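1. With the sequence up front, the predicted model follows.
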Amino acid sequence: MADITPSEVKRLQTTLQRLLGSPKLTVTAPTRKGMSVEIAVAGELIGTVHRDEDEGEVSYAVHITVLEEDLPAA
């Protein structure tokens, strides 16, 4: 797993805001090397982004966590 550059963080934020329709979404670089890049909406952490490079092709995996306590009542 490779580290995500500051340029990639900015580009990921722009792309995810567009794809998910939320200008309140932020992508934050880790404070220490090797840590995960975090995704938040309106300041609430919702997931992480991981970078993968295989045979010269780069991809990003987005992992979003939703707690059951955050779901509306059935």
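-> Received, thanks.
2. Could you tell me which strand of the protein is the longest one?
-> For the chain, the longest strand by residue count, based on DSSP state E, is strand 44-54.
3. average pLDDT for it?
-> In this model, strand 44-54 has a mean pLDDT of 94.
4. Skip ahead from that strand and say which helix or strand is next.
-> Next helix or strand after strand 44-54 toward the C-terminus (DSSP states H and E): strand 57-64.
5. Just the buried positions in that next one, please.
-> Residues of strand 57-64 classed as buried: Y60, V62 (neighbour count, 16 or more other C-beta atoms under 10 Å). Where you see a C-beta, it was placed from the backbone N, CA and C, and this is true even at glycine.
6. Also stretch 47-57?
-> G47, T48, V49, R51.
7. on that earlier part again, which residues outside the longest strand of the chain are in contact with it?
-> 1-4, 8, 12, 27, 36-40, 58-66 (C-beta atoms under 8 Å, 6 or more residues apart in numbering).
8. Just the angle for it relative to strand 57-64, thanks.
-> For strand 44-54 against strand 57-64, the angle by axes from the mean of the first three to the mean of the last three C-alpha atoms, to 10 degrees is 160 degrees.
9. Might one say that A40 is in contact with T26?
-> Yes - the pair A40 / T26 is scored as a contact, 5.1 Å apart, by C-beta atoms under 8 Å.
10. Quick check on those two: which one has the bigger neighbour count.
-> T26 (17 against 14; other C-beta atoms under 10 Å).
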